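[1] Give the three-dimensional model of this entry:
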Amino acid sequence: MAASDLHEDTVPSGELQVVPVRHPGRWVAAAVVLVLVAMLVRTLFFSHVMRGGRPQERFEWHIIDQYFFTSEVLKGLLVTLELTVLAMAGGILLGVVLAVMRMSPNPIVAGAAWVYIWFFRGTPVLVQLLFWYNASYIFPSFTLGVPFGPALVHINLNATLTPFIAASFGLALNEGAYMSEIVRAGILSVDEGQTEAAQAIGMSRLMTLRLVVLPQAMRVIIPPTGNETISMLKTSSLASVVTVKEVLYTVQLIYAQNFKTIPLLMVASLWYIIVTTVLMIGQYYLERHFARGSVRQLPLTPVQRLSRALRIRPAEGPFGPNLDVDAITVAGSGRPHGGEGGGPL
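    Just a heads-up that it's a prediction; the model follows:
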């Protein structure tokens, strides 16, 4: 039998033979990842180590379960959330003001904003927290009044500047320097024609910024702001150095008594992961909300993706789901392949 006859018997006349592209590298990579995941699961949950002459769980999950929902840890978590909210609220407000100042045509105002950003971005946040914690040494009292005149308000910082207030103040001032650059980038991303059109109809500079520029800049501002919020949640752990009883300092006090250092650090880490996950979900939906009008079709939410994945798929033909051979147009023929007539799709 000739080779041409064999080919004609194998592939029916008038049909295309589609051979899927093989990707052996993907299967190898998937196998390697699955092995690594299995090793990680075994190390975390099923491996043991010799302590005191007897085998014990490597990570002591029973200790983690014992302290995970204790009142001390939950109070520390609440303090961590309060620090994050206060620092981000103050940082965002200060960042907007600094961004507007930085873009001001007045060189003195713009220069003052630049110096602030330069200083707070150039010094470590831990150093700033230690400075504000000990600020009462330099400023025992704080007064407000007429410049070079009588004081109207007098505050004793030795009694007022608690570790929590010092940490919140220091984190907010530091975050304001970073948020100012984020806000400035968002403002610069808006086309100048928007500002010119607003000014052409008589809107003031402040009104143009509030009603025209900032709403459009939010699409650029939201993603890095979400990242800064997640970063601030973890940066708040530095407040433990100035004796703020947030979640890390709380577990440090506990393991200083029972010497269960690793399990209690795992407790703090798991709480950070849980709160970070919640913040990431909120950031996703916030980005999706402000993306309306800038994309033709909004991306599917995780719930929608899961619903689509669980939906029963239609029967697939040789060319994929709902795709018939007759729907493929032969190049240059101007008609569907295998048909007697009709034009291209």
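
[2] What's the separation between the spatially most central residue of the chain and residue 283?
    Note on the chain: the residue nearest the mean C-alpha position is residue 227, at 3.7 Å, using Cα atoms, centre = their mean. Distance of residue 227 to residue 283, computed by Cβ to Cβ, to the nearest Å: 8 Å. (C-beta placed from N, C-alpha, C; glycine too.)

[3] got the residue ranges for the strands in this structure?
    In the chain, the strands defined using DSSP state E lie at 48-51, 54-57, 141-145, 151-156, 316-317, 320-321.

[4] and residue 229, how many residues sit next to it?
    Using other Cβ atoms under 10 Å, residue 229 has 21 neighbouring residues.

[5] Where does pLDDT dip in this protein?
    For the chain, residues meeting the criterion pLDDT under 70 lie at 1-14, 145, 149, 293-296, 312-345.

[6] tell me which residues in the lengthiest helix in the chain are buried?
    Assignment by DSSP state H gives helix 71-102 as the longest helix of the chain. For helix 71-102, a neighbour-count test (16 or more other Cβ atoms under 10 Å) marks 73, 76-77, 79-80, 83-84, 86-88, 90-92, 94-96, 98-102 as buried.

[7] check contacts around the residue nearest to the centre of the chain.
    Residues counted as contacts of residue 227 (Cβ atoms under 8 Å, 6 or more residues apart in numbering) are residue 283.

[8] do the same with residue 140
    Shown in contact with residue 140 (Cβ under 8 Å, 6+ apart): 156, 157, 158.

[9] ok, and the most crowded of those?
    Highest neighbour count within the contacts of residue 140, by other Cβ under 10 Å: residue 157, with 16 neighbours.

[10] For that one, give its distance to residue 134.
    Residue 157 is 11 Å from residue 134, by Cβ to Cβ.

[11] swap in residue 43?
    The gap separating residue 43 from residue 134 is 43 Å, by Cβ to Cβ.

[12] Neighbours of residue 204, how many?
    10.

[13] How about the backbone phi and psi for residue 21?
    Main-chain dihedrals, residue 21, degrees, to the nearest 10: phi -70, psi 130.
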